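*Asks:* Test case, fold it:
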Amino acid sequence: MMVITLAEGKKEFPAGSTPADIARSVSDGLFRSSYVAKVNGEVVGMYTPINDDATVEFLGFDTEEGRKAYRHSCSHVLAQAVKRIYPTARVAIGPAIANGYYYDFDFKTPINMESLKEIEAEMKKIIKENLPIVREEVSRDKALAYFTEQGEPYKAELITDLPADAKITMYRQGDFVDLCAGPHIPNTGYIKAFKLTSIAGAYWRGDEHNKVLTRIYGTAFNSKAALEEYLAAVEEAKSRDHNKIGREMGIFMTDENIGQGLPLLMPKGAKLFQILSRFVEDEEERRGYVRTKTPYMAKSALYKISGHWDHYRDGMFVIDNENENEVMALRPMTCPFQYTIYNNGLKSYRDLPIRYGETSTLFRNEDSGEMHGLIRVRQFTISEGHIICTPSQLEGEFKAALDLARYMLKCVGIEEDVSYRFSKWDPKDVDKYINDPEKWEKAEAEMQRILDHLGIKYSVGIGEAAFYGPKLDIQIKNVYGKEDTLITLQVDMFLAENFDMTYVDENGDKVRPYIIHRTSIGCYERTMALAIEKFKGAFPVWMAPEQVRVLSLTDRTAEDAKALAEKMRYDGLRAYADVRNEKIGYKIREAQMDKIPYMIILGDKEKESGVLAVRSRKSGDLGTMSYEDFTAKVIKEDKDKVID
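*Replies:* This is a model prediction of the structure:
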């Protein structure tokens, strides 16, 4: 007998019992809801024999491991269905991914979205067959012989890459066998609800030199209701996708002749960028920042001093000019330039803190697969800055920088959508960092003390630090749930030494300052993307590229509409006139589609009376107002940064 430790306590079972035996002994409900089990920390199938004392945990759909096994098994059902319908198709790989799964195929005849209906129908048949999913362990030679005989070159290639003595697992369900590490659910009948969602092309093994395969995506849930809820959420996400809305509204566009990750901001997008950057710059100056304006490129010598050349070169755009002795590079960060400015003249402790701010255009050589709309690009603009201070000023300056970032998030309307991550270095991967464990320990301890003192609730990200220091990353998810960093604040105890930065302290000694790297609103392009998704393009008044549209009711009021819009612009509103010879209902609908906060209807009556007929994007007809009252209302909403 062996002793099995369960959540309910310890129980004895015969050696060789499986998790399925153990779950059934507890309750039928536990047995039916368990997809896989965790035995002494290892996730295994429900019919894996246990021969010694062990701790066993049962994993259903409410666990990450359970969902992964469930969806991975659904990908095998997909592959089996495809092989039944398209016997000449060759199978490649089919893992579980976030919220679903995919499988890559090499089809002899192309398929389309309509083909998915037939595949789904066959999958339902396989599920109804309740086929046991059986694990088999075989030698490398036997596995290679099997898949070669079956005419599956992609599986054979994967096996060939494994060591000669590798033990290989295959999973069999009826007439279908797949190469897979597993584990899987007990049988196909466990799958309650699934949907094939899309088709895409994918290079075999992610290599652009290999053949493009057909990737079928799907998702699966443990109930029809949960599946429908998820699919509805996906449709909502699509309706909020900044890639869709931003292009439809004329905020940005891309062009293949310009390149991937290089979006063009159109007039509305450029205006939104200008609104945000002016707001940030004005607020920074109110809080004691001084502006810098530095070059977009520099000699490699500068980046060698900063450490970027050794630790970040793969992410940089290097300009190798045969006619010049010096190698140049586009800047990935602004810090080396602002430190150079700091070193222009002796500094005293009385001069500190110095808060440098710059609206900086940066360049980073992101992987092509990472490019996404405005969220991840190769050229971007950031509200970058560096605070150079004494050790005693560090906590106060860090808090002030965080207060500024939080204020910006509040004004943009995403303060409640963020989380915080304390990003540390990984001492096991020293090549990524400036390798000085003592300084890392000191910097991380100092930053942790500050965060804890400020009451910041954060997760810890080992290996997520910058190469020169730990970070507080303000994280946010896009509409599809992918998390990105929006704002960072970093404590740097390295680069002051690299650049030989000093100040004269109270005792007349030259000492190193502390440095805080920080952004106020992060990358403007990313912030714009998140704002588009947050508001579905219906920006609050203070952010709207066009706050007011004046609509002429007839040709007789067209010139008056133009004059009114011009007067509003002189008074500080972003107003434009629509004087086209179209029906007023059409103009109103178009303004609503363009998500304009306010519309002014100008007809003969309004022209004669001197009052404004006002419509709101949100509330419809607001009646009439005087010019002074209306403009004061809009200006107040703008100034107060009202989020409606």
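
*Asks:* now residue 4, what's its secondary structure?
*Replies:* Classification of residue 4 by DSSP: H, G, I helix; E, B strand; the rest coil places it in strand.

*Asks:* Quickly note the distance from it to residue 186.
*Replies:* Look at residue 4 and residue 186: by C-beta to C-beta, to the nearest Å, they are 19 Å apart. C-beta here means a position set from N, CA and C on the backbone, and glycine is covered the same way.

*Asks:* do the same with residue 623
*Replies:* Remark: distance between residue 623 and residue 186 (C-beta to C-beta) = 67 Å.

*Asks:* Show me which of those two is the more surrounded one.
*Replies:* residue 186 (23 against 9; other C-beta atoms under 10 Å).

*Asks:* Now that one: closest residue in space, sequence neighbours ignored.
*Replies:* Of all residues not flanking residue 186 in the chain, residue 46 sits nearest, at 5.1 Å (C-beta to C-beta, 6 or more residues apart in numbering).

*Asks:* In this structure that neighbour contacts residue 34, no?
*Replies:* Yes - counting by C-beta atoms under 8 Å, residue 46 touches residue 34, with 6.3 Å between them.

*Asks:* got any residues that touch both of these two?
*Replies:* Here residue 46 and residue 34 have 19-20, 23 as joint contacts, going by C-beta atoms under 8 Å, 6 or more residues apart in numbering.

*Asks:* and stretch 493-500, how far out from the chain's middle?
*Replies:* Centroid separation for stretch 493-500 versus its chain: 32 Å, with C-alpha atoms, centre = their mean, to the nearest Å.

*Asks:* buried set for stretch 10-24?
*Replies:* By 16 or more other C-beta atoms under 10 Å, the buried positions in stretch 10-24 come out as 13, 17-23.

*Asks:* Mind putting those into CSV with distance to residue 538?
*Replies:* Formatted as CSV, these follow (distance: C-beta to C-beta, whole Å):
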residue, distance to residue 538
13, 61
17, 60
18, 56
19, 52
20, 53
21, 58
22, 55
23, 51
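
*Asks:* ok, back up a step: filter the shared contacts of residue 46 and residue 34 down to the ones in helices?
*Replies:* Among those, the members falling in helices (DSSP state H) are 19-20, 23.

*Asks:* So which of the residues you listed is the closest to residue 424?
*Replies:* Of all those, residue 19 has the smallest distance to residue 424: 36.5 Å, by C-beta to C-beta.

*Asks:* can I assume that closest one is in contact with residue 58?
*Replies:* Yes - between residue 19 and residue 58 there is a contact at 6.9 Å, judged by C-beta under 8 Å.

*Asks:* Could you name every residue contacting both of the two?
*Replies:* With C-beta under 8 Å, 6+ apart as the test, residue 19 and residue 58 both reach 34, 37.

*Asks:* and of the buried residues of stretch 10-24, the nearest to residue 118?
*Replies:* Ranked by distance to residue 118 (C-beta to C-beta), the buried residues of stretch 10-24 are led by residue 20 at 33.9 Å.

*Asks:* pLDDT score for the closest one?
*Replies:* pLDDT recorded at residue 20 is 94.

*Asks:* So it versus residue 185, what's the distance?
*Replies:* Per C-beta to C-beta, residue 20 is found 11 Å from residue 185.

*Asks:* which neighbours do the two share?
*Replies:* Common neighbours of residue 20 and residue 185 (C-beta under 8 Å, 6+ apart) are residue 46.

*Asks:* Sort out which residues of the longest helix anywhere in the chain are buried, please.
*Replies:* Among the segments of the chain that qualify as a helix by DSSP H, the longest is helix 64-85. Buried residues in helix 64-85, counted by 16+ other C-beta under 10 Å: 65-84.

*Asks:* Same check on stretch 445-460?
*Replies:* 446-448, 450-451, 458.

*Asks:* From residue 597, how far out is the closest residue to residue 592 other than its chain neighbours?
*Replies:* Of all residues beyond its chain neighbours, the one nearest residue 592 is residue 617 (6.4 Å), with distances taken as C-beta to C-beta, 6+ apart. Distance, residue 617 to residue 597, by C-beta to C-beta: 5 Å.

*Asks:* Could you check which of those two is surrounded by more residues?
*Replies:* Counted by other C-beta under 10 Å, residue 617 and residue 597 do not tie: residue 597 has more neighbours, with 25 against 18.

*Asks:* residues contacting the more buried one?
*Replies:* Contacts of residue 597 by C-beta under 8 Å, 6+ apart are 539-541, 544, 547-548, 616-618, 634.

*Asks:* what's the answer for residue 140, then?
*Replies:* Residues near residue 140 by C-beta under 8 Å, 6+ apart: 159, 162-168.

*Asks:* likewise residue 16?
*Replies:* Each residue near residue 16 by C-beta under 8 Å, 6+ apart is listed here: 49-51.

*Asks:* in which helix or strand would I find it?
*Replies:* Under the criterion of DSSP states H and E, residue 16 resides outside all helices and strands.

*Asks:* Could I get the phi/psi values of it?
*Replies:* Torsion angles at residue 16 (phi, psi; degrees, to the nearest 10) stand at phi 90, psi 0.

*Asks:* from now on call the first residue 408
*Replies:* Will do, 408 is the new start, and the previous item becomes residue 423.

*Asks:* so how far is residue 589 from it?
*Replies:* 20 Å.

*Asks:* show me what contacts the nearest residue to residue 938 once chain neighbours are set aside?
*Replies:* Distances taken as C-beta to C-beta, 6+ apart put residue 819 closest to residue 938, at 5.7 Å, once the chain neighbours are dropped. Residues near residue 819 by C-beta under 8 Å, 6+ apart: 683, 928, 934, 937-938, 941, 950.
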